[in-house]
Every structure is written in structure tokens, then in C-alpha cells.
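J.: just a sequence and a predicted model for now, questions to come.
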Amino acid sequence: MSQSDSDKGKQQGGGARAGEGRSAGRPATSGQSDKITARTEDFAAWYQDVIRQGDLAEAAEVVKGAMVIKPHGYAIWEKIQADLDRRFKETGHKNAYFPLLIPESFLRREAEHVEGFSPELAVVTIGGGKTLEEPYVIRPTSETIIGHFFARWIESWRDLPLLINQWANVVRWELRTRLFLRTTEFLWQEGHTAHATAEEARAETLRMLGVYADFAESVMAMPVIQGRKTQAEKFAGAVHSFAIEAMMQNGLALQAGTSHDLGQNFGKAFNVRFQNKDKELDYVWQTSWGVSTRLIGGLIMSHSDDQGLVLPPRLAPIHVVIVPIYRSDEERAAVLEQAQRLATDLRAQRLAGQALSVEVDDREGYKPGFKYFHWEQRGVPLRLELGPRDLAAGQAVCKRRDAAAKQTLPLAGLPERVLAELEAMQRELLDRARQRLREHTVLANSFEELAAILEPASAEQGGGKFVMVHLKDDAACDAKIKELKASVRCLPLVDAHDGPGKCIITGEPVAQRAVVAKAY
RNA sequence: CGGGGUGUAGCGCAGUCUGGUUAGCGCGCCUGCUUUGGGAGCAGGAUGUCGGAGGUUCGAAUCCUCUCACCCCGACCA
């Protein structure tokens, strides 16, 4: 531990190492980027390097723990938003917007909620130069203020279910931040619904969890485990919390989305009542669910490699880049003309209903090799190289971002072939991630066995594992797991293992195994 | 909040211990020419409140005092 501490300090501080390594261009034949740390060397440094070289974001160093999402990173967020928003609309939700500032007293109405969020609140105490009578908190989440308005909007069973979603920013005063994974301010969506019965609310909670899981797998190519959080890990104010858990390339877990069954907790706190068909007044049953810009962190750590970002085609802002190669002006004119024609044909193709986004990199003064690296670092799924030799032969050279080798393809029928490659890449990224998840999931039948698997060293070397253990849902058991610097990630909704067993800590019988892992 | 570290050009750093020309180096950037099938070469050029304030001194990036910010490690978290 102390060894890695001092190494970090050196790199951060007076270390000339990083600077030297990045100065002179390495021979192009080395195949290893000189600007990106290898995953096996230092996974955290690799992650930062991929973000920098991929031009996704940077730390907003003037605001503690905040980040600037740069255009390329924001374009990915926009793709995520567009797809999720469509799914929310299809499930009957409507978008709305509630205030950023929430009266402090609102937070206090729900005891668990205020206890959970107090440590990370940013509070506004002065407005217009005057001390406010009641401070406002900057929303860490919106259950309270939405509860307040739901109480005004809901009168009868005819107003239910009420299905609302909000796209917003939130602020949580985090002590330790990492780009995308945990920042003081982040972007997310928060769904908030109100229902007439507990069963309906529970069904909604699970329905939206399923929406997240399907999105993660089919669009992000990131396999997830759907599960219930332990009572110790649940959202402050929820009856039950559910999550999708993904595994990063180093074997660490990432909670990629959450869905909460709030029961009547907020209904009671904010007096959200409705008159049912029996003319009785009852509190509504609520849910809330969210995913955030953290998904981009998960995306990076799921697929990217030592050359930089790798994007699944369905989330790539640019699907195909065409790099023209030429010497003379005559060659340039001929190659560019063919490149533009090809781009036009490619744009007529549709991937998951969306027209292909194609860019011709006709910048002058950069050699082709420079452009290859440029777009590879940004994760563009497919590159086409087009030069005089190709024109003469009626072909193009094709390089898939996730493949080692180039292939030569005839121009005739190329758009269809490109589309097929993109579809294959989307599929194969998911397959590879699934295989990784499978291979790094193991069983343990005792605390000692679990501890051995989760040994600090093995996780730091990229050997993180999901360990399936029988464990009682009890705060004391969660605490015991924390001693291993790991946590109970979830109790899977689908038990893919061997059913009931005895808790490895208490020895009591439990219904199924839980996922235990080190996590972000 | 505890422990550690760093603030010098857009980025990465040297210079600080031992005060003294015009504060350097690499990358990047700008201009020109030659290049262009895997990170181009040469020539020329622009860019600094040395984190801030105060002090010591003939003289401060360098010494002293105070202060601010950020980063890393831990306890908390989408």
C-alpha cells in the first residue's frame, strides 16, 4: 500500500518520468501508444489517459471535484439520453423539470433521507446579498421537492399512476472524485412515479430496472446483473433499492443504475394522498430511479484498450471515418471525390434506426498515420483508408477499432458491408464483456475463502472478482464484508447458482448467494 | 476531517537546497518550404502577474511569515 502511495506521489509531483515518456514520439511500429498508460501497469492512470486522449472531459480545476464534459464526451451523453428518453416515453413517462434549489426543511421531513444526504449537501445561505430566512440546498436528488408538488397534483385514483422523469444536474459534496465515476456535480435523469398500490409501485421499480438492464446490454454492450441492494446499501428513504451492477475490465464492480421502491415513506412525509375507489384517503406508493454520466465511465472501462477509447457503434457519435491518402493535387482531388461519394452512400445506411454518422478527414498537413491514431483514441468504431492504389483497384482498406488486422474490401457493396461490420462489432463487444464477467465470477463458501479471493493485491493488479457467497441481509454482515474493502453489490434477481445455503458469517440459512466485490 | 504531495508558458517539467545576466527544456501552437499507405522534417516565431499577500535584501521563482487552491491516500457515496 505504502509502495503504491509513494509511486502515485512521485507521478503527481516532481516525477520527470511521465513527462519524459510522453515527449518524444515513439516509433510507429511499436503498436503501443506512448500517451496512454497500459492497463496492466496502472488501471487508474490508464482510465485518466483514455479520457484525456479521447477528448471526453477534463477536471474543472477551478471548481473542486467538478468536471468539464467536452464536446466529444457530451455527444456520447446525448446518445445515451436520446435512447433512454425514447424508452421512458415508450413506458408512458413524461418529462418535467423541478427547481435546483430545495428548501432545507424539505430534506428533514424524511428521517432516513436527511441522515443519508446531510454529509454531502451544498447549501445556499445568501441570496441577493441577504442572509436567507431558510437556506436552500442544491438538489442531491429530488424526491423531496417532487413529493411536495405531487401532493398538490394528486387528488384521486384517477390521477394515478403519475409517471414523471426529469433530466437534470445534481450536486453531492464528495470527498473523493474521479472523472465521470464520481464528481461533485453530475448529470442524470431521475424518474419519479406515484401509484395506488404497493404492488404497482414494486412492478414499476422492477420494470425500470429492466429498462436499464436492456439499455446497458443492447446499447452500451455492457452486461449487468440485476439485483436488490442489501438494507445497509439501499437508498436513504427507500423501502428497497435495486441496481444493475457491471464489471469493469479490472474486475471491479460499478453500480450503473438504481431503481428504488419508496413505499409510502415520501408519501407520508409530504402528505401525498389520493382518494381511492372506496372513497378512502390513502398515501401514494412511489418509486424513483436514475442513471447518470457515470455510465460513460462504465462504458470506458468496459471496452477501451491500451490504444484508447473503444465505443460500441450504437453510442458512437461518429461511426465511420474515412482517411484519404494522396501525394499530388491530382491524386488528392480524385481520392477526395471518391471519399465524399462513399460517405454519402454510407450515410444512407441505418444502424438501429439511426443514419450512419460519417466523417471524411480531409485536414491538410497531417499524415495519414497521425489521423489513424487521432480517431482511434476517440473510439471511432470503423475507419476506411482510401488512396490512389485503392481507387485503381476499386477497393478500400477497412480497420475495425476492436480488431487487430485491417482488411481490404471492394467498393462495390461497401456500405452494406460496413453496416454489417458495425453490427458485428456491437455484438462482439457484448460477447467479450459477457465472457469476462463469467470468467471473473467465482463462488466462495466461507469468509476465509472470500477474503483470500479479494486480497488487496489481486484487485489492484486487475484481478478483481465477483464472488458469489451465501450472506444474510444484515447490517452486521455488510460491515464484516467492508473489512475486506469490498461490499455486497446485490442479491441477484435471477439466481444463476445453487439456491439456498448457509450465511458465511452467521451460519443462518439464506435463500441464495449475493454478489460481493470491490467496487468504484 | 486525518496523512502525504504540488503550485513556474496551453500541457508535462527543470531551476529553489547554495538569492545575482534577458527564467529555461520537451510537447503543443503560429508562419514558410519540403512531405503524406501507421504519430513527418527543416527553418523561423509567439506565449510567463514564477498560486496570492506581506516581509528580509542593493537584488527574491529561490530565504522567512501568513494565506489560497488543486491532486493523491484513508473514512462516506450514483
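T.: Right, received. Where do you want to start? Please read these numbers as outputs of a predicted model, since none were measured by experiment.
J.: dump stretch A:512-520 to PDB, keeping only the CA atoms.
T.: What follows is stretch A:512-520, C-alpha atoms only, in PDB (Å, rounded to 0.1, in the frame of the first residue of the first chain):
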ATOM      1  CA  GLN A 512     -29.500 -17.500  -2.400                       C
ATOM      2  CA  ARG A 513     -26.000 -16.200  -3.000                       C
ATOM      3  CA  ALA A 514     -25.100 -12.500  -3.000                       C
ATOM      4  CA  VAL A 515     -22.500 -10.700  -5.200                       C
ATOM      5  CA  VAL A 516     -19.600  -9.400  -3.200                       C
ATOM      6  CA  ALA A 517     -16.900  -7.400  -4.900                       C
ATOM      7  CA  LYS A 518     -14.600  -4.400  -4.700                       C
ATOM      8  CA  ALA A 519     -16.400  -1.500  -6.300                       C
ATOM      9  CA  TYR A 520     -16.000   2.000  -7.600                       C
END
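J.: can you report phi and psi for the closest residue to A:Leu429 other than its chain neighbours?
T.: Closest residue in space to A:Leu429, ignoring its immediate chain neighbours: A:Ala221 at 3.9 Å, by Cβ to Cβ, 6 or more residues apart in numbering. C-betas here are computed from N, CA, C, even on glycine. Main-chain dihedrals, A:Ala221, degrees, to the nearest 10: phi 60, psi 30.
J.: A:Ala221 touches A:Pro312, doesn't it?
T.: Yes - using Cβ atoms under 8 Å, A:Ala221 makes contact with A:Pro312 at a distance of 4.1 Å.
J.: so what sits against both of these two?
T.: A:His303, A:Gln426, A:Leu429, A:Leu430 (Cβ atoms under 8 Å, 6 or more residues apart in numbering).
J.: ok, now how distant is the residue nearest to A:Leu429 from RNA strand B?
T.: 19 Å (Cβ to the nearest atom of the strand, to the nearest Å).
J.: can you count the residues close to that residue?
T.: 26 (other Cβ atoms under 10 Å).
J.: got phi/psi on the spatially most central residue of chain A?
T.: The centroid of chain A falls nearest to A:Leu295 when counting by Cα atoms, centre = their mean (1.1 Å). Backbone torsions of A:Leu295, given as degrees, to the nearest 10, read phi -50, psi -30.
J.: contact partners for it?
T.: A:Ile80, A:Ala216, A:Met220, A:Ala256, A:Gly257.
J.: check which helix or strand the third one maps to.
T.: Following DSSP states H and E, one finds A:Met220 outside all helices and strands.
J.: and the second one, by the same measure?
T.: Element membership of A:Ala216 [criterion: DSSP H and E] is helix A:198-218.
J.: show me what the one helix or strand A:Ile481 maps to packs onto, helices and strands only.
T.: Per DSSP H and E, A:Ile481 falls inside helix A:475-482. Counting contacts by 3 or more Cβ pairs under 8 Å, 6 or more residues apart in numbering; DSSP states H and E, helix A:475-482 packs against strand A:487-492.
J.: distance between the helix or strand just after the strand it packs on and the chain's centre?
T.: Next in sequence after strand A:487-492, counting helices and strands by DSSP H and E, comes strand A:501-502. How far strand A:501-502 lies from its chain's middle: 33 Å, per Cα atoms, centre = their mean, to the nearest Å.
J.: please apply the same query to stretch A:330-338.
T.: With Cα atoms, centre = their mean, you get 41 Å for stretch A:330-338.
J.: in that stretch, which residues are buried?
T.: Under the neighbour-count criterion of 16 or more other Cβ atoms under 10 Å, stretch A:330-338 has A:Arg332, A:Ala334, A:Val335, A:Leu336, A:Gln338 buried.
J.: likewise stretch A:503-515?
T.: Under 16+ other Cβ under 10 Å, the buried positions of stretch A:503-515 are A:Cys503, A:Ile504, A:Ile505, A:Val510, A:Gln512, A:Arg513, A:Ala514, A:Val515.
J.: among those, which are in reach of RNA strand B?
T.: Among these, no residue sits close to RNA strand B (Cβ under 7 Å from any atom of the strand).
J.: for those, which one is nearest RNA strand B?
T.: Relative to RNA strand B, the closest of the buried residues of stretch A:503-515 is A:Val515; by Cβ to the nearest atom of the strand it sits at 14.4 Å.
J.: tell me if that closest one really is in a strand.
T.: Yes - A:Val515: assigned to a strand according to DSSP: H, G, I helix; E, B strand; the rest coil.
J.: make sure it is actually in contact with A:His470.
T.: No - counting by Cβ under 8 Å, A:Val515 sits too far from A:His470 to count as a contact (11.7 Å).
J.: tally of neighbours for the closest residue to A:Ile154 other than its chain neighbours?
T.: In this structure, A:Ile154 finds its nearest non-sequential neighbour in A:Phe274, 5.2 Å apart by Cβ to Cβ, 6+ apart. Neighbour count for A:Phe274, taken as other Cβ under 10 Å: 23.
J.: packing partners of the helix or strand harbouring A:Phe274?
T.: Using DSSP H and E, A:Phe274 sits in strand A:273-275. Applying 3+ Cβ pairs under 8 Å, 6+ apart, one finds that strand A:273-275 contacts strand A:281-283.
J.: which SSE is the nearest residue to A:Ile146 once chain neighbours are set aside in?
T.: Excluding the flanking residues, the one nearest A:Ile146 by Cβ to Cβ, 6+ apart is A:His192, at 4.8 Å. Following DSSP H and E, the helix or strand that holds A:His192 is strand A:185-195.
J.: A:Leu101: neighbouring residues, count only.
T.: Using other Cβ under 10 Å: A:Leu101 sits among 15 other residues.
J.: ok, and the closest non-adjacent residue to it?
T.: A:Tyr136 (3.8 Å).
J.: returning to that earlier point: now the strand holding A:His192 against helix A:198-218, angle please.
T.: 140 degrees (axes from the mean of the first three to the mean of the last three Cα atoms, to 10 degrees).
J.: listing partners with orientation, what would you give for strand A:185-195?
T.: Strands that pair with strand A:185-195, judged by DSSP bridges, come out as strand A:162-171 (antiparallel), strand A:285-292 (antiparallel).
J.: assign A:Val469 to helix, strand or coil.
T.: strand.
J.: any idea what it is bridged to?
T.: Counting by DSSP bridges, the residues bridging with A:Val469 are A:Ala514.
J.: flag the shaky bits of chain A, pLDDT-wise.
T.: A:1-34, A:456-462 (pLDDT under 70).
J.: mind naming the longest helix for it?
T.: helix A:414-439 (DSSP state H).
J.: that one vs RNA strand B: in contact?
T.: No - residues of helix A:414-439 are not located near RNA strand B by Cβ under 7 Å from any atom of the strand, the shortest gap being 13.5 Å.
J.: report the buried residues of that helix.
T.: A:414-415, A:417-419, A:421-422, A:425-426, A:429-430, A:432-433, A:436-437.
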